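Colleague: okay, here's the prediction I keep looking at, along with the sequence it came from:
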Amino acid sequence: MTRRHENSSATPRQIPRWAAAARSRWRYTGTQRPTIARPPGDGERSVWDFPRPPVIEAVVAEVHVRAGGTEIARSRRVLRVLETGNPPTYYLPASDVHGGLLSPSPAGGSRCEWKGEAQYWDLGLETEQRPRVAWSYPSPFPEFERLKNHFSFYPGRVGCFVGSVRALPQPGGFYGGWITPELVGPFKGEPGTQSL
């Protein structure tokens, strides 16, 4: 994802110029690893082997999201996006999210050259408010239409679990990837990855 700098919209058959320009700048596309990439060991996956353009795949495990003792979402119908250099982002269908706990964030959105314009969501609990814990793509670009009516959550702001494993947050604060034990980086957001 990149921070939003201008408003623009995509037509059904084309993407806006800002997205095309951003897509053209990527050097790594999953076909080779940068020299800083750690080689994966047995049972591990390098995030630098993930493709760009990103791909969507179904997740077999149950995924759930919690804030303290409150369950926010639980699903076995989860999608995840794999993109070069990033841990996967997990998307849960809106019907499996306790939507009454989420409200649109007044802090604005962002945009991704692959997926489109993102909307952020705040979490409201009886005891606390947490800003921008989740995001969604209300009108994703055609290649990512499957993400419509799905939410993804920041593992640094709420507890995000794949099966019984709690995901660690992607470094840097902006990206929302879920780091699980089988992944090796470095991950986008760590020092030295800004230009990759």
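Modeller: Cool, got the structure. Numbering: from 1, shown residues only.
Colleague: Thr127 versus the residue nearest to the spatial centre of the chain, what's the distance?
Modeller: The chain has Thr89 as the residue nearest its centroid, 3.4 Å off, counting by C-alpha atoms, centre = their mean. Per C-beta to C-beta, to the nearest Å, Thr89 is found 28 Å from Thr127. Yep, even glycine has a C-beta here, placed from its N, CA and C like the rest.
Colleague: helices along this structure, start to end?
Modeller: For the chain, applying DSSP state H gives helices covering 17-24.
Colleague: where does pLDDT dip in it?
Modeller: For the chain, applying pLDDT under 70 flags the ranges 1-13.
Colleague: quick one on the thing from earlier: so who does the residue nearest to the centre of the chain touch?
Modeller: When contacts are counted by C-beta atoms under 8 Å, 6 or more residues apart in numbering, Thr89 touches Arg80, Val81, Ser152, Gly176, Gly177, Trp178.
Colleague: highest neighbour count among those?
Modeller: Highest neighbour count within the contacts of Thr89: Gly177, with 30 neighbours (other C-beta atoms under 10 Å).
Colleague: wait, it touches Pro88, no?
Modeller: Yes: using C-beta atoms under 8 Å, Gly177 makes contact with Pro88 at a distance of 6.2 Å.
Colleague: on that earlier part again, of the contacts of Thr89, which pair is most distant in space?
Modeller: Spatially, the most separated pair among those is Arg80 and Gly176, at 11.5 Å (C-beta to C-beta).
Colleague: okay, now the nearest residue to Val55 once chain neighbours are set aside: neighbour count?
Modeller: Excluding the flanking residues, the one nearest Val55 by C-beta to C-beta, 6 or more residues apart in numbering is Leu82, at 5.4 Å. Neighbourhood size, Leu82 [other C-beta under 10 Å]: 20.
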